[in-house]
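# Compute the structure for the input listed below.
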Amino acid sequence: MLYHAGFGPAAGFVGVDVFFVISGYLITGILYKEWSVSGRIDLPAFYARRFRRLFAALALVILCTAVISAIVLSPYGEIKDVMRSAAASLVFVSNYFFEMTAGGYFDVATDTLPLLHLWSLAVEEQFYLFWPMLLILVLRIRPAALSPVLAVLTLTSLVTAEYLVDSDPQAAFYEMQARFWELAVGGLIALRPSGQLRDGRAAAYTSLAILLAAVTLPTEKFPGSGALPAVAGTALLLYAVHGTRQLGLAGVWLRSRPMVFFGLISYSLYLWHWPLLALDKAVRAGPSPLATRLLLCSTAVGLAWISYRYVERPFRRPDPATSNPRVVIAGLTASIALALGMISVTGQFDRAPPPTDLASLTSRDYPKNRLSCHYRGDESLFVLPKPGCVSSPDKPVGVVIWGDSMALAWQPFAWAMAQRSTMSATSYSRDACPPVLEFSNGKRLAEDRLCREFNSRVMAELSGVDTLILSASWTAFVRQGLDEAAEIEFEQNLEDTIRAAKSLTRKIILIGSTPQLRDTVPRCIRAESLDACAISRTEFDAVASESRRLLSAIASRIDAVDYVEPAEFFCSAEICPAIKDGYGLYWDAYHVSSTAVREFSDSFLPKTYE
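Next up is the predicted model:
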């Protein structure tokens, strides 16, 4: 909660991984004890207990979040997204929902999605479906093989997570098979004989030291090997707790009233805190004040206690008159019914915004072929170029724009240039992939390799092109104070790329950097706080000076290469604003809007290229 509220610690997100290990320990211990005592595992009883434990508080938080979202969020897409995520959460597939909808380069900022945190509960529920059945199968066939089987599955899942961290980071983060090893480590502790540790103080103290480091020092390769410190620290503490009650001062602290209090309300606190923080960010331009975040955290604790006392506890008491199968059926019916209800109301919030809603119009002011012509960072190159991505299919392609997502945003500039001739235009743009040959974009292994291949193949498509336009987030790679060696390499590779491209084309245009504002323009417009977005011209010039110097120098050294400076259009002498002449300049905080690019083209191209 403190990490989500911006109070640190720097790696506080590993609380989820700690939770997974504890959960795997508890669930495996409960099921294995039942088998040891009775020789069977009553699955209906297990799922009935899970429903009583989880569903009531979950449904309450989802319903409250949906109602509040319907009041405070935009009815032109934002509320629909919340309702869809609510439906996915109610049937415990929200991890896959958010993997598909919240992880993309251009998707809404994740810190404003009020039900995003429920992805981890979906992973948990999927574990509940998979693990008990496998546990029963192994115990019936060969009980002695249970720990070895779980150990193999643990290693397999860790290797899978490590592979996905590089090849598909979204899957590594959200999917159960990449998180199973964390749950399984807890299960391995639970399968050990209990009470066989004479003194657990050394293990407890060591584990707490490891956990302190794990939440303080962020790691790479997460949640693969980067999650090992958090998982190992939790497993060592569970090993101590499982083996003895002699934990010294660590045991005194863990049994203290504050720790027990937060332990009791932890599930409800998990449910409540994120929607409060996310909805506050969704309706606010700029960072939330310290006092507001403290108030939201305090409110979450209060709601969590109320929810625990009056919702969780009453529903956890079994009703002797109701059989476990009926409880399970009732739970499934209620989940599906509520999910269908959420889906049924999404149609009311799935309509185009009126011309008067500038915030919604600005949030959609990007090239309409964004999905069909732009490449995600993890997208394969089976099809390049993509079909249908030309401005005038009946004309030969003479204008090409190439670069990262900035090139996508500047696509209307290429379209406008082609329109003033007998040629057509096409675009090649890829997430976080500047138009520079043989240069690492700093992304994970698979994305870096795909970026290099993408740029190489685009270069092969340039033969015979009349005009090439290059656009990128130049300041991300050329900025005073960053790694000097990497900057020199980027500069040299960029010039080499431009010289190689110039041998294939008649003319090259380099579009300079544009400002990155403090918050998204649609949010600042909706909050009626445009100053929360704007930055000073002095601030922007300081950031852009190095890239401006580099691009201008290259243009001066190579014939028929022009540098285009957009700052005079997007900024005044004093400020770089969020809107101009009644339209938004950016569809988020830094990608220029299509309206702004068209206006820029109308003012710039007649002066230079007619």
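
# so where do the strands sit in the protein?
374-375, 397-403, 424-430, 467-471, 507-511, 535-536, 561-564, 575-576, 579-580, 583-584 (DSSP state E).

# Now distance to W131, mean pLDDT and mean neighbour count too, for those, in a markdown table please.
All C-beta spots, glycine's among them, are computed from the backbone N, C-alpha and C. Output for the strands of the chain, formatted as a markdown table (distance: least, Cβ to Cβ, whole Å; pLDDT from 0 to 100; neighbours: other Cβ atoms under 10 Å):
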| stretch | distance to W131 | mean pLDDT | mean neighbour count |
| --- | --- | --- | --- |
| strand 374-375 | 38 | 92 | 24 |
| strand 397-403 | 47 | 96 | 25 |
| strand 424-430 | 39 | 95 | 25 |
| strand 467-471 | 50 | 97 | 26 |
| strand 507-511 | 53 | 97 | 23 |
| strand 535-536 | 51 | 97 | 15 |
| strand 561-564 | 58 | 96 | 18 |
| strand 575-576 | 54 | 98 | 19 |
| strand 579-580 | 53 | 97 | 18 |
| strand 583-584 | 49 | 97 | 22 |
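
# Same list (those strands) but as a markdown table, adding distance to E78.
Shown next, in a markdown table, are the strands of the chain (distance: least, Cβ to Cβ, whole Å):
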| stretch | distance to E78 |
| --- | --- |
| strand 374-375 | 23 |
| strand 397-403 | 30 |
| strand 424-430 | 26 |
| strand 467-471 | 29 |
| strand 507-511 | 31 |
| strand 535-536 | 25 |
| strand 561-564 | 35 |
| strand 575-576 | 26 |
| strand 579-580 | 20 |
| strand 583-584 | 16 |
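
# Select, out of those strands, the one closest to I68.
Judged by Cβ to Cβ, the one of the strands of the chain that comes nearest to I68 is strand 583-584, at 26.2 Å.

# Which neighbours in the sheet does the closest one have, and how are they oriented?
Paired with strand 583-584 in the same sheet, following DSSP bridges, are strand 579-580 (antiparallel).

# Just the residues contacting the partner strand, thanks.
Residues from elsewhere that reach strand 579-580 (Cβ atoms under 8 Å, 6 or more residues apart in numbering): L358, T362, V521, I525, L530, F570, L585, A596, E599.

# which residues of the stretch 151-300 of the chain score low on pLDDT?
By pLDDT under 70, the stretch 151-300 of the chain has no low-scoring segment.

# for it, what spans make up the helices?
169-174, 176-190, 201-216, 228-243, 248-254, 257-283, 290-307 (DSSP state H, counting those that start in this stretch).

# Mean neighbour count, those: which tops it?
Counting by mean count of other Cβ atoms under 10 Å, helix 176-190 has the highest mean neighbour count of the helices of the stretch 151-300 of the chain, with a mean of 24.

# Could you list every helix and strand in contact with it?
helix 15-38, helix 119-141, helix 146-167, helix 228-243 (3 or more Cβ pairs under 8 Å, 6 or more residues apart in numbering; DSSP states H and E).

# How is the chain divided into domains?
12-349, 358-608 (automatic domain parsing).

# now the ones you listed in CSV, with distance to A5?
Output for the domains of the chain, formatted as CSV (distance: least, Cβ to Cβ, whole Å):
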stretch, distance to A5
domain 12-349, 5
domain 358-608, 18
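
# Which one of these lies nearest to G6?
Closest among the domains of the chain, once you apply Cβ to Cβ, is domain 12-349, at 6.1 Å.

# next one: that closest one to chain centre, how far?
With Cα atoms, centre = their mean, to the nearest Å as the basis, domain 12-349 stands 18 Å off its chain's centre.

# Distance across that domain, terminal residue to terminal residue?
35 Å (Cα to Cα, to the nearest Å).

# re the thing from before, got CSV for the helices of the stretch 151-300 of the chain, with distance to V436 too?
Below are these laid out as CSV (distance: least, Cβ to Cβ, whole Å):
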stretch, distance to V436
helix 169-174, 23
helix 176-190, 32
helix 201-216, 36
helix 228-243, 35
helix 248-254, 52
helix 257-283, 34
helix 290-307, 40
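
# wait, which of the ones you listed is closest to L63?
Comparing the helices of the stretch 151-300 of the chain by Cβ to Cβ, helix 257-283 comes nearest, at 11.1 Å.

# helices or strands up against the closest one?
helix 43-72, helix 290-307.

# Going by neighbour count, list what's buried in the first one.
Applying a neighbour-count criterion of 16 or more other Cβ atoms under 10 Å, the buried positions in helix 43-72 are 45-52, 54-62, 65-66, 69-70.

# mean confidence for that helix?
Helix 43-72 comes out with an average pLDDT of 95.

# Does anything pack onto it? Which helices or strands?
By 3+ Cβ pairs under 8 Å, 6+ apart, helix 43-72 packs against helix 78-90, helix 119-141, helix 257-283, helix 290-307, helix 313-316, helix 324-345.

# Can you redo the ones you listed as CSV, where the extra columns are distance to K386?
Converted to CSV, the helices and strands packed on helix 43-72 look like this (distance: least, Cβ to Cβ, whole Å):
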stretch, distance to K386
helix 78-90, 26
helix 119-141, 31
helix 257-283, 33
helix 290-307, 44
helix 313-316, 52
helix 324-345, 32
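
# between those, which gets nearest to V16?
Closest of the helices and strands packed on helix 43-72 to V16 is helix 119-141, at 5.2 Å (criterion: Cβ to Cβ).

# Show me what the closest one is packed against.
helix 15-38, helix 43-72, helix 78-90, helix 94-101, helix 146-167, helix 176-190.

# and the nearest residue to F477 once chain neighbours are set aside, what does it touch?
Once flanking residues are discounted, F477 sits nearest to F490: 4.7 Å by Cβ to Cβ, 6 or more residues apart in numbering. Shown in contact with F490 (Cβ under 8 Å, 6+ apart): P434, V436, F439, F477, V478.

# Can you tell me which of those residues comes closest to P218?
Minimum distance to P218 across these is 22.6 Å, recorded for F477 (Cβ to Cβ).

# Is there a neighbour count for the closest one? I'd like the number.
By the criterion of other Cβ atoms under 10 Å, F477 has 25 neighbours.

# got the contact list for it?
P434, V436, A486, E487, F490, S547.

# Now the first one: closest residue in space that isn't a chain neighbour?
When you say that, I think you mean P434. P434 sits nearest to A472 (Cβ to Cβ, 6+ apart), 3.9 Å away.

# ok, now the fourth one?
Setting aside the residues directly before and after it, E487 is nearest to V478 in space (Cβ to Cβ, 6+ apart), at 5.9 Å.

# That neighbour contacts Q492, correct?
No. With contact defined as Cβ atoms under 8 Å, V478 does not reach Q492; the gap is 11.7 Å.

# If you count surrounding residues, which of those two has more?
Set V478 next to Q492 and count neighbours by other Cβ under 10 Å: V478 wins out with 24 against 13.

# On the pLDDT front, check the more buried one for me.
83.

# Indicate which one of the helices and strands packed on helix 119-141 is closest to H242.
helix 176-190 (5.6 Å).

# what's the angle between that closest one and helix 146-167?
150 degrees (axes from the mean of the first three to the mean of the last three Cα atoms, to 10 degrees).

# for the nearest residue to D350 once chain neighbours are set aside, what are its contacts?
Spatial nearest neighbour of D350, excluding adjacent residues (Cβ to Cβ, 6+ apart): K80 at 5.0 Å. Contact partners of K80, counting by Cβ under 8 Å, 6+ apart, are T346, F349, D350.
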